[in-house]
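Chemist: Quick one: sequence and predicted model below, then my questions.
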Amino acid sequence: MSALALSRWQFAITIIYHFIFVPITIGMALSLAIIQTAYHRTKNEKYGQIVDFFGKLFAINFAIGVVTGIVQEFQFGMNWSQYSIFVGNIFGAPLAIEGLLAFFLESTFLGIWLFGKGKVSDRVHLFSIWMVSIGTMFSALFILAANSFMQHPVGYKIDPATHRAVMTNFFALLGNPVLIVTFFHTLLAAITTGAAIILAVSAYQLAKRGKTPAFSAAVRFGVTVLFISMFLNAFVGHIQGQVMTKEQPMKMAAAEALYNTQTGASFSLLTIGNLSDQPIFQIRLPHLLSVLADNSWNSTVQGINQLQAQDVAKYGPGSYEPPVWVTYWTFRIMVGVGGVLLLFGALGLWYMRRRRLDETHWYLRAAVWVAALPFIANTTGWIFTEVGRQPWIVYGLLKTSSGVSNLSSLSVGITLVGFTVIYTVLAIVDGMLMFRYARKPLSEPPQSAESAHTADLVY
Amino acid sequence: MGNPTALQIVWFTLIAILWSGYFFLEGFDFGVGMLLGVLGKSDMDRRLMINAIGPTWDGNEVWLLVAGGATFAAFPVWYATVFSAFYLALFLILAALIFRGVAFEYRGKGLSEKWRKWWDAAIILGSAIPAILWGVAFGDFVHGIPLNQAGHFTGNFFSLLSPYSIFTGLTTGVVFATHGALFLSLKTTGELRERTQRLARKLAPAAMAFIFAFLAWTYFNANHINDTGVVPGILPVGALMLAVAAVVLVQEGYFGWAFTSIGASIVGITATLFLNLYPRVLVSSTNNAFSLTIPQAASEHYTLVVMTIVAAIFTPLVLLYQGWTYHVFRKRISAPGTGGEETMPATAPTPD
């Protein structure tokens, strides 16, 4: 395999792996901050117990998110040096700002939160988990600002002397329409993920050990947050689809496997067989694609063949078609899984209203498995976004094949194997620890004021 | 390309400051990690050592991420050339940092003695490898790596291992270990503290010797190998004087001052290296004229202005709250029931 192909695999593996842990961190930080606020306000012990219990899971997960994030930041220069030189003027800034604003905030205040109990006041302790949460959101904002530039370059010009992209307007970068929808879509997805974990672990505990005030409350919290975030995200996702139809029509045409431009286009719900010409079986919903694309019954949606011809006229000869089957199926899986999550959340709310949530055993047992769904949606969503942009690394400006470093296949092969082995080992260890701590019983409320202040030896 | 602009010099300086801060801060937590096998006789010793850096090591490591990000933003060509040229070396550093980072968190959460042994090894190697390899990398920046006229790296992994860069790596390894021992002298109590202080007394003269030899070699390089480097005498001489002061102070029992001295010496050494580079960012060993310079590597003026404003607003804030955490965790830590400065029955994460 070429160094290019190996570098692409390495990037894909690293970022997918990194993004297993990141949404948990973002989502759980916010949830923990909210629950700790409830504890601070009400002094109800059950909230304190939830925070302590999930705080351990949070810390286990946070560590692996951080260390894989370092790889993430370095691999642009390591494997994509031509890309880094081309966009460095623009792309480096949000990365540096992410470090300065977000990484310092979350790591420093996580230290205070984990080790500072009893050393700082309760109010400062609460403040620190909010700072961690805000840090994670800043991090998402700035890294997505960088990614959104790759999806839809704004606020730049091409320097005629160096042929590099240079920044002309920083605020255009932050006001990128793709960034705004992507940020909310990603943030809500992360909140759903965190809620699904809290729900799953609490449901497991209730099913196994019977009702406890803490886990009953945590299940209610998880269901509520899951439903609200999922419900909002359905709308944000819809808007995002419309923005992308405008900015990257090829990606959305590929998502639908729409080869030829159609008016009043139907939505392909699922296809068996070949996507391009004669499928064996498919279900199509009339007019729905036009409605999704711009809220009108009979609008025209452009097809892959027509867009390909336009791109050739614009950018010169070559194929501008992303791998259609990947985009088509990842998009469907993401949306379908989102729908299932929404229904599951709604059902939970219904049980909650009837005050039967914490004793409906089938629901609690199902919730444990439902926790896998947000990860599937997160992963397929990002595969869709990144693969759908191909062959471009920066849409319309630089092709992926022109961005790679001048490295030997051997070098990249060594690191690809190395990282894959490391990630596999860590996934096993992390999974083991998460399950171990998720199954532990609740810690007893502190017996005395003295033992409440014993966080010195956390490790 | 002409001379560097004022803003380019500002960012070159800021990156020098970020690396100095990184080596000062993570220098001692690398040191603590490296010494885990030497000083940590019992499991409780090792836990105390890890907890001494527990709340702050992650924040220290962010200095590296910000240094990397700032280099990317302000000098994209530098970032791209170095990171792709040092490809396999960086992989080793990353692998080490990955295992080290999770090891702190996972070590105490396991089931068995064996589990902890494995993670202890991860902490020791994960601290020693980057401590040495960062030194090697900085040695290479100054001493030069094969770069052709187009600024492309023409060597391989082994062209990064010159005698000078290896010696630089050994120097950072020994100096960080000393820095870590001095930090632990300030953070521990009882028998562990005594052992730590004895080790610090032995390590400090070694660190001084390495610093002396390293600075002499650097001076020789600057004058005879790639002589466009600027080495104002005050910085290397100051760095050496501080190392000498650290040796004296540690013998006299002023561990706090010795820690500060060796830390300041680390900053002085880093500053020497950066000044030696100026106005280049990466020296070509093929031909000094092919070296990558600040103007060649830098971003456009507008990007630097944006970054300067952001840095001016947020850096003081970061320094303030990071400094505050060191204040919060300023006390020595001791084993439960030994009556240290803070008595606390620690809730050990007992495997059940």
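Modeler: Right, received. Where do you want to start?
Chemist: Help me confirm that A:Val340 comes into contact with A:Ile376.
Modeler: No: using Cβ atoms under 8 Å, A:Val340 is not in contact with A:Ile376, being 9.8 Å away. Every C-beta, even on glycine, is put in place using the N, C-alpha and C of the backbone.
Chemist: The two: who's more crowded?
Modeler: A:Ile376 (17 against 14; other Cβ atoms under 10 Å in any protein chain shown).
Chemist: Backbone dihedrals for that one, please?
Modeler: Torsion angles at A:Ile376 (phi, psi; degrees, to the nearest 10) stand at phi -60, psi -40.
Chemist: Let me know the secondary structure of A:Thr424.
Modeler: Following DSSP: H, G, I helix; E, B strand; the rest coil, we place A:Thr424 in the helix state.
Chemist: Tell me the helix or strand right after the top helix by length along chain B.
Modeler: In chain B, ranked by residue count with DSSP state H as the criterion, the top helix is helix B:190-224. As assigned by DSSP states H and E, the chain's next helix or strand after helix B:190-224 is helix B:234-252.
Chemist: and the angle from that following helix to helix B:190-224?
Modeler: 160 degrees (axes from the mean of the first three to the mean of the last three Cα atoms, to 10 degrees).
Chemist: ok now do the residue of chain A found nearest chain B, which residues does it touch?
Modeler: Residue nearest to chain B within chain A: A:Gly88 (2.1 Å; Cβ to the nearest Cβ). A:Gly88 sits next to A:Arg164, B:Phe72, B:Ala73, B:Phe75, B:Pro76, B:Val77, B:Tyr79, B:Ala80, B:Ser299 when contact means Cβ atoms under 8 Å, 6 or more residues apart in numbering or on different chains.
Chemist: Next, the residue of the stretch 51-200 of chain B found nearest chain A: phi, psi?
Modeler: Nearest to chain A, among the residues of the stretch 51-200 of chain B, is B:Pro76, at 2.1 Å (Cβ to the nearest Cβ). Main-chain dihedrals, B:Pro76, degrees, to the nearest 10: phi -60, psi -40.
Chemist: Kindly report the same for A:Thr300.
Modeler: phi -90, psi 130.
Chemist: Without its sequence neighbours, what residue ends up closest to it?
Modeler: Nearest non-adjacent residue to A:Thr300, counting by Cβ to Cβ, 6 or more residues apart in numbering or on different chains: A:Thr263, 4.7 Å away.
Chemist: again, but for B:Gly54
Modeler: Per Cβ to Cβ, 6+ apart, closest to B:Gly54 is A:Tyr459, 5.1 Å.
Chemist: Please pick the buried ones from the contacts of A:Gly88.
Modeler: Taking 16 or more other Cβ atoms under 10 Å in any protein chain shown as the criterion, what is buried in the contacts of A:Gly88 is A:Arg164, B:Phe72, B:Ala73, B:Phe75, B:Pro76, B:Val77, B:Tyr79, B:Ala80, B:Ser299.
Chemist: got CSV for those, with distance to B:Leu88, secondary structure and pLDDT too?
Modeler: Shown next, in CSV, are those (distance: Cβ to Cβ, whole Å; DSSP: H, G, I helix; E, B strand; the rest coil; pLDDT from 0 to 100):
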residue, distance to B:Leu88, secondary structure, pLDDT
A:Arg164, 27, coil, 90
B:Phe72, 20, helix, 93
B:Ala73, 25, helix, 92
B:Phe75, 22, coil, 94
B:Pro76, 22, helix, 93
B:Val77, 21, helix, 92
B:Tyr79, 17, helix, 93
B:Ala80, 16, helix, 92
B:Ser299, 27, coil, 89
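Chemist: For stretch B:330-350, what does the pLDDT average out to?
Modeler: Mean pLDDT, stretch B:330-350: 55.
Chemist: same thing with stretch B:151-159?
Modeler: The model assigns stretch B:151-159 a mean pLDDT of 85.
Chemist: which residues touch it?
Modeler: A:406, A:411, B:77, B:81, B:84-85, B:87-89, B:145-148, B:286, B:290, B:292, B:296.
Chemist: In strands, which of those fall?
Modeler: B:Leu292 (DSSP state E).
Chemist: So which of the contacts of stretch B:151-159 belong to helices?
Modeler: Going by DSSP H, the helices hold A:Ser411, B:Val77, B:Thr81, B:Ser84, B:Ala85, B:Tyr87, B:Leu88, B:Ala89, B:Gln296 from the contacts of stretch B:151-159.
Chemist: A:Gly170 and A:Met334: what is the separation?
Modeler: Rather than Gly, residue A:170 is Phe. 31 Å (Cβ to Cβ, to the nearest Å).
Chemist: How about A:Trp325?
Modeler: From A:Trp325 to A:Met334 the distance is 15 Å (Cβ to Cβ).
Chemist: Settle it for me: which of the two has more neighbours?
Modeler: A:Met334 (23 against 14).
Chemist: That one reaches A:Thr385, doesn't it?
Modeler: No: using Cβ under 8 Å, A:Met334 is not in contact with A:Thr385; the gap is 9.6 Å.
Chemist: any idea which element the closest residue to the residue of the stretch 51-200 of chain B closest to chain A other than its chain neighbours lies in?
Modeler: Nearest residue to B:Pro76 in three dimensions, chain neighbours excluded: A:Gly88, at 2.1 Å (Cβ to Cβ, 6+ apart). Taking DSSP H and E as the criterion, A:Gly88 maps to helix A:81-97.
Chemist: coming back round to it: and which of the ones in helices among the contacts of stretch B:151-159 is nearest to B:Phe210?
Modeler: B:Phe210 lies nearest to B:Ala89 out of the ones in helices among the contacts of stretch B:151-159, by Cβ to Cβ, at 20.8 Å.
Chemist: quick one: contacts of stretch A:353-369?
Modeler: By Cβ under 8 Å, 6+ apart, stretch A:353-369 touches A:199-200, A:203-204, A:206-207, A:211, A:215-216, A:219-220, A:222-223, A:344, A:347-348, A:351.
Chemist: Can you show me the strands along the stretch 151-300 of chain A?
Modeler: All strands of the stretch 151-300 of chain A, identified by DSSP state E, counting those that start in this stretch, fall at A:156-158, A:165-167, A:262-263, A:267-272, A:281-285, A:300-301.
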